[in-house]
Structures are given as structure tokens and as C-alpha cells.
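Participant: one predicted model, sequence on top.
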Amino acid sequence: MRHLTRFADLGADGVERLIGRALSFKSGCIPDALRGRILILLFLAPSLRTRVSFQVAMARAGGSTIVLEAGGGMWPLETRVGVVMDQDRIEHIEEALGTLSRYGDALAVRVFAALESDALDLADPFLNRIRAGAGIPVISMESAAEHPCQGLADAMTIREHHPDSRQLPVLLRWVPHVKPLPKAVPNSFLLTAAALGCRITVSAPLGFELPASVIGAARTLAAARGGGVTESADPDCGLEGQQVLYIKSWGPSGDPGKPPPSGWHPDWRIGSDWLERTPAQALLLHCLPLRRNVEIEEAALRNPRCRIFDQAENRIYVQQAALEWLWESGT
Ligand code: CP
């Protein structure tokens, strides 16, 4: 039985294969493997794009979805092991999983990072428990460690503009926020862009470095395809040569939930003139949601080089490809 909760489930070859399938679905092919299937979407954190794009992906291919939200009509879930359940949590996650496994053909799950430590978030204990306990394939809709479907959609968006993305200059640029955010999206973007062989610069203020293990894994992936990964603490680092500008906020390194020790670096906000300092064809990407005029001045979002809605749309096709891959293994 296959699961897709982390980059390693696919590897670089799997990413290439799913992008190829996703591009064919965008051009009008319909995946047969989704017809008649039931996908259960379990949200333990809010969503707009992920929720709707999975529902659209299934509906357009003849499948159906059931959406369950924590606090939205489900019994409150207990997740601890060995606890005496005499308080307000009515159902244990183990019984919920056993039951859902009898109803659906796959389980899509969103959990957010605890933001207590990078090490704990990367270990992804809650999603891994769901993966181990579900009797059906599990697909991540974002976890503490990674957001693989977002990474695939980002890679597909790059591929649409750059059929050969090897050595493509890509900037993953930290931007300010009002609160610490998980590192799942930048982790997945970095790993997936590395799998495409891009030449990636990760630019973030001191104290906001991405986890060393993720940087190391991305370096290995990129090197195998002619690319590379470098880190910088300069907000304008190498801007002139970049072809893809991926902006995202994330929490401080090590202790991601703590307020940043040296503030939110408002000078790292993306100005409306920022794109003018890059090559004329450079793309501006962000996974959304974003906070206008905190992360980026809103005028920059109106630039035609801003492809955030392509990214959001491409979630539909990469998720169709991912579900086809999950179900082609015979489950
Ligand atoms: N990019 C993304 O996953 O969006 P949502 O949080 O709205 O699902």
C-alpha cells in the first residue's frame, strides 16, 4: 500500500512522473483511476485551496469526497496513548481511523506543526501515527514537516515556464509575518525544486535558517541533477539573475514558535518595485494565503509575472496525479 506524506515517498523520479501526468490532466486527459473512488478529507487545521482543490480533483474525475473538520461536527478527538478518557474528548483517533478505513479508499489529512522545536516538527509524529494506523492509503494535505502536494504544484508551475529546469536560478526568499509559521511549505518547495535540478538560493535573516537536514537533503538531490543549494542572509541576494522568486514566511530556527529574537525584519518585506530588479520573465510565486502589505506590497501581486493562481490551480492536477499513483498500487 502506498502513502504520500513526504517527499521521500516519491523521490526525484516520482516527482518527474507526477508532473508529467499532471500536465496531461491539465491539457484535458481525465484520470480513470479516480472514478468511483471515495476520498475522505480530515482537517485538523483550516484550509481554502487544499480543501477545494482536492474536492474538484475528485469530482472532475468521477470520484467523491467526504470532508471532516475538527470542531465541525466530529466528536472531539483524543490523540494521546494510554490516557483515561474521562474529559471532553469523546473518540480516540485510533477508533476514528479504523472506522474511516472501512468507508473510504484513501484518507487525506491536514495537521499543523506543534512549533515547539524543528526536530519535533520534522519527526512528524502525529501524521506518522495516522499513516501507520490507517488501513488505507494516506495523503498529506500539509503536516508539521512537509506539504508535498504544494511542492508538486510549485514544481509544475515552474515546469510550465521552463521545460528544462536544470540549473534554473531560483530564489526561496523569507518574508516577514505577524506570527511564526510552520516550515512545511519551504521544506517541500526546496526539496521539490532541488529534484528538478534547480540552482536554489535560500535567503532568510540570521536565526531563520531552514533545518540543516532539509538543506542537506536538498543539496544532495540538486547535485544529482546539476543544480545546487546555497544560503544567504542578504535580503537582496542575487536578485538580478533569478528566474523564479518564491516568497514565504516561516518561524525562527530551532524554536519555531518563539517570537523572533531580533524582531520581524520589516525591511525584508517585498516592495512593489522588487520585480523590476529581476529578469523580465522572472516568476513570482507564493503558496497562499498571504498577508498583503506585511509579506509583500499588494501592487506586486497585480504584476502579470505573479503566478499565484496558476500555483493554486495546479493543485488540482498534481493531486489527481498523486491519487492515481496511490491507487494504481492495487488498493
Ligand atoms: N496553499 C495552501 O495549502 O492553501 P490552504 O492553506 O488554503 O489550503
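Facilitator: Nice, I can see it. Source: prediction; values computed, not measured.
Participant: so which residues on the stretch 1-150 of the chain come close to the ligand?
Facilitator: With Cβ under 6 Å from any ligand atom as the criterion, the stretch 1-150 of the chain comes near the ligand at residues 47-50, 142, 150. Heads up, the C-betas are built off the backbone N, CA and C, glycines and all.
Participant: adding secondary structure and pLDDT, write those out as TSV.
Facilitator: Output for these, formatted as TSV (DSSP: H, G, I helix; E, B strand; the rest coil; pLDDT from 0 to 100):
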residue	secondary structure	pLDDT
Ser47	coil	96
Leu48	coil	98
Arg49	helix	98
Thr50	helix	98
Glu142	coil	98
Gln150	helix	98
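Participant: in stretch 220-238, which residues are buried?
Facilitator: Residues of stretch 220-238 classed as buried: 221-222, 225, 227-229, 235, 237 (neighbour count, 16 or more other Cβ atoms under 10 Å).
Participant: could you pull up phi and psi at the residue at the greatest distance from the centre of the chain?
Facilitator: The centre of the chain is farthest from one residue, Asp86, which by Cα atoms, centre = their mean lies 36.4 Å away. The phi and psi values for Asp86, taken as degrees, to the nearest 10, are phi -110, psi 20.
Participant: same check on Ser188?
Facilitator: According to degrees, to the nearest 10, Ser188 has phi -70, psi -40.
Participant: please report how far it lies from the ligand.
Facilitator: With distances taken as Cβ to the nearest ligand atom, to the nearest Å, Ser188 is found 10 Å from the ligand.
Participant: circling back to that earlier point, by pLDDT, rank the buried residues of stretch 220-238 and give me the bottom one.
Facilitator: Of all these, Cys237 carries the smallest pLDDT score, 80.
Participant: so that one touches Leu171, yeah?
Facilitator: Yes - under the criterion of Cβ atoms under 8 Å, Cys237 makes contact with Leu171 at 7.4 Å.
Participant: quick check: neighbours shared by these two?
Facilitator: 201, 203 (Cβ atoms under 8 Å, 6 or more residues apart in numbering).
Participant: what is the burial count for the closest residue to the ligand within the stretch 151-300 of the chain?
Facilitator: Closest approach of the stretch 151-300 of the chain to the ligand (Cβ to the nearest ligand atom) occurs at Cys287, with a separation of 4.0 Å. Using other Cβ atoms under 10 Å, Cys287 has 25 neighbouring residues.
Participant: one more: Lys248?
Facilitator: Neighbourhood size, Lys248 [other Cβ under 10 Å]: 20.
Participant: OK, contacts around the closest residue to it other than its chain neighbours?
Facilitator: Leaving aside its chain neighbours, Lys248 sits nearest to Pro186 (5.2 Å; criterion: Cβ to Cβ, 6 or more residues apart in numbering). By Cβ under 8 Å, 6+ apart, Pro186 lies in contact with 172, 202, 210, 248, 250.
Participant: that's a helix at Pro186, yeah?
Facilitator: Yes - under DSSP: H, G, I helix; E, B strand; the rest coil, Pro186 falls within a helix.
Participant: quick check, Leu42 in contact with Val109.
Facilitator: Yes - at 4.9 Å, Leu42 counts as touching Val109 under the criterion of Cβ under 8 Å.
Participant: residue contacts, Gly227?
Facilitator: With contacts defined as Cβ under 8 Å, 6+ apart, the neighbours of Gly227 are 166-168, 194, 196-200.
Participant: what score does the residue nearest the centre of the chain have for pLDDT?
Facilitator: Residue closest to the mean C-alpha point of the chain, counted by Cα atoms, centre = their mean, is His147 at 2.6 Å. With respect to pLDDT, His147 has a value of 98.
Participant: check Phe7 too.
Facilitator: What the model reports as pLDDT for Phe7 is 98.
Participant: cool, and Gly71?
Facilitator: The score at Gly71 is 80. That number is its pLDDT.
Participant: how much space between it and Pro46?
Facilitator: Using Cβ to Cβ, to the nearest Å, one gets 10 Å for the distance from Gly71 to Pro46.
Participant: who's more crowded, those two?
Facilitator: Under the neighbour definition other Cβ under 10 Å, Gly71 and Pro46 were set side by side, and Pro46 has more, 13 against 10.
Participant: now the more buried one: how far from Gly151?
Facilitator: 20 Å.
Participant: with distance to Gly63 and secondary structure added, can I get the buried residues of stretch 220-238 in TSV?
Facilitator: Below are these laid out as TSV (distance: Cβ to Cβ, whole Å; DSSP: H, G, I helix; E, B strand; the rest coil):
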residue	distance to Gly63	secondary structure
Leu221	32	helix
Ala222	35	helix
Arg225	34	coil
Gly227	36	coil
Gly228	40	strand
Val229	37	strand
Pro235	44	coil
Cys237	44	coil
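Participant: most widely separated two among these?
Facilitator: Arg225 and Pro235 (28.0 Å; Cβ to Cβ).
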